[in-house]
Every structure is written in C-alpha cells, then in structure tokens.
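Student: Sequence and predicted structure are below.
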Amino acid sequence: MLIIDNLSNTVADKPILKGLSLTINAGEVHAIMGPNGAGKSTLAYTLGGRPGYEVTGGSVTFDGPNGPVDLLEMEPHERAAAGLFLGFQYPVEIPGVSNLQFLRESLNSQRKARGEEPLSGGDFIKLAKEKAALLNLDMEMLKRPVNVGFSGGEKKRNEMVQMGILDPKLAILDETDSGLDIDALKTVGSGINAIMRKPDKAVLLITHYQRLLDYVEPDFVHVLAGGKIVKSGGPELALALEREGYAEVIAA
Amino acid sequence: MTALTLPTKRQEEWRYSDIEAVASVWPLPAPERVVVGAGEVQAHTLLQDAGEGSVAVKDYAVEVADGGSCAFHLLNIGGRFGRIAFDVRLGKGAHFELHGAIIGGGEQTLEIVTNVTHAEPEATSEQVVRSILGGHATGSYLGKIAVARHAQLTDASQSVKAMLLDRTATANAKPELEIFADDVKCAHGATVGELDKQALFYMASRGMAPQSAKTLLLRAFVAGVFDGIADEAERERFEAAALEKLEALS
C-alpha cells in the first residue's frame, strides 16, 4: 500500500526526517509513537504534501487506483484523489464555508479526478447522514462552517466523519486522540475500525499515548526518534513504551 | 454640481483613480439624484459590469429626509475603470446603508467612494465593502463621514475588508471622519489580507482542486454582502455575476 524508503526532508531549512523507512501493506494498522519533536507530524504533513515540507531524499510509493505511483510527485489534492487521507492534529477552521459544501466539493473533486460521475445532492446527504451518525456527530453541525465553534472533540469527530465520507485507501491520523475524553475516544476508535478496518485499506496512527491503541489495535508499532524509525514491534511495544518511557525502550 | 475641471490625484477623493480613464469620459454627466422622503424606505441596486476596456463612472446624490431609509447594494466589476460615488445627506433620524463588493483583475481600477453627511441628529449610516483583487488591479474604497455640530446621537459605521490574490494587486481603504458633534458613535475597521494558506492545504488534503478551493474561500469572503437584497431574482443575479467574475480571476 505504502512504501517509504529512506525519506529525508527539511522544514524551513532544518532537517527533520533523516532517512525514514516504513512499509505498510493493505489490511494493516500501524502506529507510530515517539517523543515530542521526533518528526511524527512532519511525516504526516510530508506524506500529505504540505507546502514548506521540502523532501531532500528518498522515495514514497503508493498503490493508487491505477497501480503504484510516486506520491512525492503528486499535488496534495491528487494524493487525496488517489486514496490518501490525512487526519489533522489541529483541524482548520474555514469561516463562511459549510461542512457539507466543503465535503461535497471535495468528494466530487476526487470523483472527477478518478473519472467518476459526481454524487447527486440527495445521495451525498444520505452518505453524510450515515457517517455523521457513526461518529455521533449531530447532522446540524455539518451545516455549520467548517470546524468554526467546534470543541476539540467535535473537531476530531468531524475529521472522522470526513474520512468516512471520502472513503480513502490509506488514512494517516495525526494525534486524532488528542483532546478527546474517554467517551469521545471510544466513539472515534470504533469509527476508525468501522471505516478503515478492511482488507483493502490501511491506517497509520500517529500518537503519543497507548490509550487509543486499546480501541484501535495496531498490528505493528514503531518508535520514531530523531527523524527515523528506531524500533519496531507488535502491540506489546506500545505497552512497554507506556510502562517504561521512550528513553528506556529506545536504549534497550 | 459637475466640476468643470478634470480632477487630479491631489484631490483626496481621486487619489487612487485612473485620471486618464476619467479624462476619456470628461465632463461627467450630472449625478443621479435619489430623493427619499420623510419616513420613506427605498432600496437600490447597481451592478457595474461594463465591457472590457470601457470606462464607467456613476455618481449619486442621495438625500434622505427625516426618518427616511435608503439602502444600496452594489457590485463593481466591469470596465478598465469603474467608479461609483455617493454624496449622501441625512436628515434627522434618517438611515443610509451601502453594501458593496469590488472584484477586479488584469489592469482594472475599481472604486467606491462615499461621502455621508450626518446633517441632523440621530441619523445612522453603515457601509460594508469587500474587495477581491488579482493581477495588477487596484481597488479602492474611500469613505468620508461628516457629522455636523448639532447632529448628536449620530451612529455611523464602516467595515472594509480586502483580499489580494497576487502581490501585484493593490487595495486602498481610506476612512475619513470629520466630526463636529460630541455625542456620536463612528466605528470603522479596515483589513487587507491574502487567502488562508492553511485552509487551502486543508481543502487540498480532502481532494479539492486548488481552483475550486480558492473560489470557495473567495465566495465565503464576499458572502453576505448581497444577503440584504430583498428580491430573490435580483440577489441571484448579483451572486451569479460575482461568482462568474471570481472564477475568471482564480
């Protein structure tokens, strides 16, 4: 699904990722954990193609709808149309544009890029209602401007509603668990499972804490430190990290 | 009240104008008079969409008698030079409001000028202007509010926001207050900005093509300017014209 090979980059001329390699296959859930400043969010933004995240070396190959593509050659909106979804740690507020308008425009933009017909207004509303219900988000909130006046938890649930509607192949979720209380964490966790836990999909969870992993069980856990993966293992690695801290586990 | 000599840029209200364009249509016709009687309510619209390369200058002289109310909605998008100017005189307790949008690209110079005189007490006035400018376009709003010495309890406000799509475009916002009374409220705010880059990346990350994302943000920026047009068909005409112009720009 995704092969990251020896990826390096700079942000404002400062090297962040320093030869990161990671392979994610269809049907797998991977978690990346790591101390502050390790480059976790930078990895997410670089894969999403955010301007200012300059790739200086390595390659990223993604299984698009028509076979493998060089992800780094593509514009951010083309990456999304190919099936990549980026869940933001800090979802952006867009005054004056309703969630529904935003999502319908996004979805139809993706469909157009893939040579599919646009979804009709009625079909879109049906889809939006279904996904909003899955994440316990009031449909009325989707009529309001994108993330404006949403609480931290509502913003994260809204990210998951967007993921449900856009139905990506690979979701990279950057600290989707931050700012969530226990109930919201459960809702978001089961949302991720319902939408993405499928043989033809994959998830990369970026998180500080073990607690999301209680709800979305990873197949692989990686520790990111100093811009590269320094240790990989199964779910037990996350538990060890929680118990002993990064320094201990990395040194071991 | 047509001036006989061609204005120069030294005159405040022509400071950002395209004088060469003005000269091509000089002398200007007399201003169109709008007379609102005591207690009367009037609403006007103006869609300035003159053809490419043409020059459109429109002057209004508005008089609102005691307790009367006058609203203008305008969209200024046409011609190489498009100027809409208002000289407004308000009676006691009278109201004037202007909701205007300027959308320009290429080498266009587009302006809205208001000169509102609160001649008597208790009158209210409001001007809301949104400008979107790309290419080498210049968009200007010059708004003067004059409050006479005995015009107490005047309540006047101006809100001016401009969005620049290119570093080569220019927005001018110039409020001017001349207040002789002491018990008045005159609020004004002006901002000039660019499209929110974070929002653009967020939209792109959801698959939205850059052009659609830009247009959506710009529509949101001017949204609301035409909400007050009571006639639905007229409101739709303004919104459609604004959208078409935006799509041509972005």
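Tutor: Cool, the structure landed. Residues are numbered from 1 along each chain as shown, chains lettered A, B, ... in the order given.

Student: show me what contacts whichever residue of chain B sits closest to chain A?
Tutor: Of all residues in chain B, the one sitting closest to chain A is B:Ala220 (2.7 Å; CB to the nearest CB). C-beta: built from backbone N, CA, C; applies to glycine. Going by CB atoms under 8 Å, 6 or more residues apart in numbering or on different chains, B:Ala220 touches A:Ile94, A:Pro95, A:Gly96, A:Val97.

Student: How far off centre is the longest helix seen in chain B?
Tutor: Criterion DSSP state H: the longest helix present in chain B is helix B:232-249. Its chain's average C-alpha position is 16 Å from that of helix B:232-249, according to CA atoms, centre = their mean, to the nearest Å.

Student: Could you pull up the mean pLDDT of it?
Tutor: Averaged over helix B:232-249, pLDDT sits at 93.

Student: any chance you could map the strands in chain B?
Tutor: Taking DSSP state E to define them, one finds strands in chain B at B:32-36, B:41-48, B:55-64, B:69-76, B:81-90, B:95-104, B:109-118, B:124-133, B:138-147, B:155-164, B:170-179, B:185-193.

Student: Dump these into TSV; add distance to A:Ala113 as well.
Tutor: Below are the strands of chain B laid out as TSV (distance: least, CB to CB, whole Å):
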stretch	distance to A:Ala113
strand B:32-36	50
strand B:41-48	35
strand B:55-64	40
strand B:69-76	33
strand B:81-90	37
strand B:95-104	28
strand B:109-118	35
strand B:124-133	27
strand B:138-147	34
strand B:155-164	27
strand B:170-179	34
strand B:185-193	30
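
Student: Of the contacts of B:Ala220, just the buried ones, PyMOL syntax please.
Tutor: Per 16 or more other CB atoms under 10 Å in any protein chain shown, the buried members of the contacts of B:Ala220 correspond to this PyMOL selection:
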select buried, chain A and resi 94+96+97
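
Student: okay if I get the contacts of B:Ala220 as CSV plus pLDDT?
Tutor: Below are the contacts of B:Ala220 laid out as CSV (pLDDT from 0 to 100):
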residue, pLDDT
A:Ile94, 94
A:Pro95, 90
A:Gly96, 88
A:Val97, 92
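
Student: Next to chain B, which bits of the stretch 101-250 of chain A? Give me the list.
Tutor: Counting by CB under 8 Å from any CB of the partner chain, the stretch 101-250 of chain A comes close to chain B at A:Gln101, A:Phe102, A:Leu103, A:Glu105, A:Ser106, A:Leu107, A:Ser109, A:Gln110, A:Lys112, A:Ala113, A:Gln162, A:Leu166.

Student: Contact partners for the second one?
Tutor: Residues counted as contacts of A:Phe102 (CB under 8 Å, 6+ apart) are A:Ile94, A:Val146, B:Met203, B:Arg206, B:Met208, B:Leu216.

Student: Neighbour-wise, which one of those residues leads?
Tutor: Most neighbours among the contacts of A:Phe102, by other CB atoms under 10 Å in any protein chain shown: B:Met203, with 29 neighbours.

Student: Neighbours of the residue lying closest to it once chain neighbours are set aside, how many?
Tutor: Spatial nearest neighbour of B:Met203, chain neighbours left out: B:Ala213 (3.9 Å); criterion: CB to CB, 6 or more residues apart in numbering or on different chains. Residues lying near B:Ala213 (other CB under 10 Å) number 27.

Student: B:Ala213 contacts B:Lys197, correct?
Tutor: No. If you go by CB atoms under 8 Å, B:Ala213 and B:Lys197 don't touch, sitting 10.9 Å apart.

Student: Check B:Val57 and give its pLDDT.
Tutor: Predicted confidence (pLDDT) for B:Val57: 97.

Student: How about the contacts made by the nearest residue to it once chain neighbours are set aside?
Tutor: Nearest-residue entry for B:Val57: B:Arg83, 4.8 Å, with adjacent residues in sequence omitted and distances by CB to CB, 6+ apart. Neighbour list for B:Arg83: B:Ser17, B:Val22, B:Ala56, B:Val57, B:Lys58, B:Leu110, B:Glu111, B:Ile112, B:Val113 [criterion: CB under 8 Å, 6+ apart].

Student: returning to that earlier point: any chance of CSV for the contacts of A:Phe102, columns distance to B:Glu234?
Tutor: Converted to CSV, the contacts of A:Phe102 look like this (distance: CB to CB, whole Å):
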residue, distance to B:Glu234
A:Ile94, 28
A:Val146, 29
B:Met203, 31
B:Arg206, 34
B:Met208, 30
B:Leu216, 24
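
Student: and the gap between A:Lys201 and A:Phe85?
Tutor: Counting by CB to CB, to the nearest Å, the separation of A:Lys201 from A:Phe85 is 10 Å.

Student: the more surrounded of those two?
Tutor: Using other CB under 10 Å, the more surrounded residue of A:Lys201 and A:Phe85 is A:Phe85, with 25 against 20.

Student: Assign the more buried one to helix, strand or coil.
Tutor: Assigned with DSSP: H, G, I helix; E, B strand; the rest coil, A:Phe85 falls in the strand class.

Student: ok, for it, nearest residue in space, not its chain neighbours?
Tutor: A:Pro168 (3.6 Å).

Student: Just give me the neighbour total for that neighbour.
Tutor: 26.
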